[in-house]
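Asks: Give me the fold of what follows.
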Amino acid sequence: MTTATPRRFLAHLYQEGPHNPFPGIKALERRLGHALPHQYGSNEGLDMPHAVLGGELGHALADLSRSYADADAWQLRHQLAERLGVAYETLLVDAGADSLLALVMRATICAGERVITSAGTYPTLAYFARGLGAEVVEVPYTEAHASDDAPHSAQLAPDLAALAAAASQHAARVVYLANPDNPSGHLHSDEDVRALRDALPADCSLLLDEAYHDFRPDAAQADNAPMARTFRLRTFSKAYGLAGLRLGFMIAEREDLALLTKVRIHYAVSAPALAAGELLLEHPEEAATHVAAVIQSRDQLAEHLRSLGADVLPSATNFLCVRLKSAERAAQVQQQLMAQGVLITRSPHPALGHILRISTLEDSLVPGRLARLEQAIVEENRA
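Replies: Numbers count the residues shown, from 1 in each chain. Got it, this is the predicted structure:
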């Protein structure tokens with residue numbers, strides 16, 4: 001008697017088709033082995049002069065904007081494969097990590113099924129899941145507070161054991177983990193993440209959001225290989241500064257990517273976005289310099305706030321979090337800073353309403369820029 005293979009995707013995706021009706025001109029040229037310079041088949045506005053766009057934003061951008069992009073992202077995927085040391089077939093490019101997150105949900109979740117996440121983590125997973133009619137089960141974070149003897153021992157971390165237990169208890173289809181975490185900044189080791197994956201039911205996928213991967217202290221040595229039953233999401237929005245162009249990629253086993261491709265929007269990524277990603281990968285030193293500067297600013301701001309008595313969480317991202325004593329105080333500080341033209345983030349989730357998240361830019365280090373937060377920290381330590 002043979003045992004059926006656990007189903008992690010929607011049942012119809014295991015059948016033949018559906019097939020992408022528009023693989024794109026670049027894919028056709030690669031299949032033919034020659035260029036098609038006279039393109040009359042895609043009904044694009046190729047004769048649009050783009051005098052305004054070219055004059056304001058540059059003629060290179062105008063030229064890229066006329067045509068559909070390479071739906072396969074062939075060049076970018078090959079560059080990523082070389083940079084990460086993985087196979088080209090284990091990479092999928094889409095319009096930012098959120099699009100990839102939505103793609104996984106669309107291919108794996110039916111209405112009424114369950115997904116597991118941490119209570120207060122990046123909220124888009126729950127937003128997409130509920131939009132599909134899925135049930136979202138939230139697991140509390142684990143918390144630890146700093147002491148005088150160990151000022152850097154503060155912690156707010158996703159509870160991996162609880163996530164795995166909830167997946168089994170609720171027969172979940174997907175477990176979501178941001179690593180490094182958003183909003184806490186906590187980093188779990190690769191070994192701990194693999195242990196979480198191994199503890200999940202065979203028909204449950206791990207959706208591993210690695211949007212802040214480039215800011216890990218061990219990013220250069222981290223294992224980039226595809227993991228079984230795991231979708232690893234990364235982005236060009238943070239380290240590469242392309243948030244406005246929407247560009248991200250996924251690392252996963254090629255068999256899983258073949259199924260995801262059946263329900264993927266084929267022209268979601270724009271030609272300017274692909275060109276920008278390709279150019280930045282040709283010059284990796286620019287992103288590396290940017291990441292190093294952000295980390296320096298993050299650590300400098302963290303030490304400054306700790307010197308005032310702040311409960312600053314350790315961070316492996318491009319932001320840091322300050323934990324105040326109440327959600328009411330955090331909301332008050334956020335509103336007062338906003339009235340002064342300074343935007344910081346407070347978690348919309350009631351479990352983490354006392355957390356304030358600050359993107360660590362050079363501007364955040366300007367003396368007096370965060371004066372209201374500094375004042376609140378001093379006041380809390382006097383109380």
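Asks: measure the most centrally placed residue in the chain to Gly185 for me?
Replies: The centre of the chain sits closest to Ala211, judged by Cα atoms, centre = their mean, with a distance of 3.2 Å. The spacing between Ala211 and Gly185, counted by Cβ to Cβ, to the nearest Å, is 12 Å. C-beta here means a position set from N, CA and C on the backbone, and glycine is covered the same way.
Asks: now swap in Asp209 and tell me
Replies: Asp209 is 13 Å from Gly185, by Cβ to Cβ.
Asks: Which stretches in the stretch 251-383 of the chain count as helices?
Replies: Under the criterion DSSP state H, counting those that start in this stretch, the stretch 251-383 of the chain contains helices at 254-260, 271-282, 284-307, 327-339, 371-382.
Asks: so who does Gln334 touch?
Replies: By Cβ atoms under 8 Å, 6 or more residues apart in numbering, the contact set of Gln334 is 344-346, 356.
Asks: For Leu257, give me its contacts.
Replies: Under the criterion of Cβ under 8 Å, 6+ apart, the neighbours of Leu257 are 89-92, 250.
Asks: Neighbour-wise, which one of those leads?
Replies: Within the contacts of Leu257, neighbour counts (other Cβ atoms under 10 Å) peak at Met250, which reaches 26 neighbours.
Asks: that's a strand at it, yeah?
Replies: Yes: counting by DSSP: H, G, I helix; E, B strand; the rest coil, Met250 is located in a strand.
Asks: Secondary structure element holding the residue nearest to it when sequence neighbours are not counted?
Replies: In space, and not counting its chain neighbours, Met250 is closest to Leu92: 4.5 Å by Cβ to Cβ, 6 or more residues apart in numbering. Assigned by DSSP states H and E, Leu92 belongs to strand 91-94.
Asks: Sheet-wise, list the partners of that strand with their directions.
Replies: Strand 91-94 sits in its sheet next to strand 248-251 (antiparallel), going by DSSP bridges.
Asks: Isn't Gln370 up against Leu337?
Replies: For the record, residue 370 is Leu, not Gln. Yes: with contact defined as Cβ atoms under 8 Å, Leu370 counts as touching Leu337 (7.2 Å).
Asks: so what sits against both of those two?
Replies: Shared contacts of Leu370 and Leu337, defined by Cβ under 8 Å, 6+ apart, comprise Ile344.
Asks: Compare the two (neighbour count), which wins?
Replies: Legend: neighbour count by other Cβ under 10 Å for Leu370 and Leu337, higher for Leu370 (24 against 20).
Asks: how close does the residue nearest to the centre of the chain sit to Pro37?
Replies: With distances taken as Cβ to Cβ, Ala211 is found 39 Å from Pro37.
Asks: mind listing what the closest residue to Leu324 other than its chain neighbours touches?
Replies: Excluding its sequence neighbours, the residue lying closest to Leu324 (Cβ to Cβ, 6+ apart) is Ala330, at 4.6 Å. Contact partners of Ala330, counting by Cβ under 8 Å, 6+ apart, are 324, 346, 353-356.
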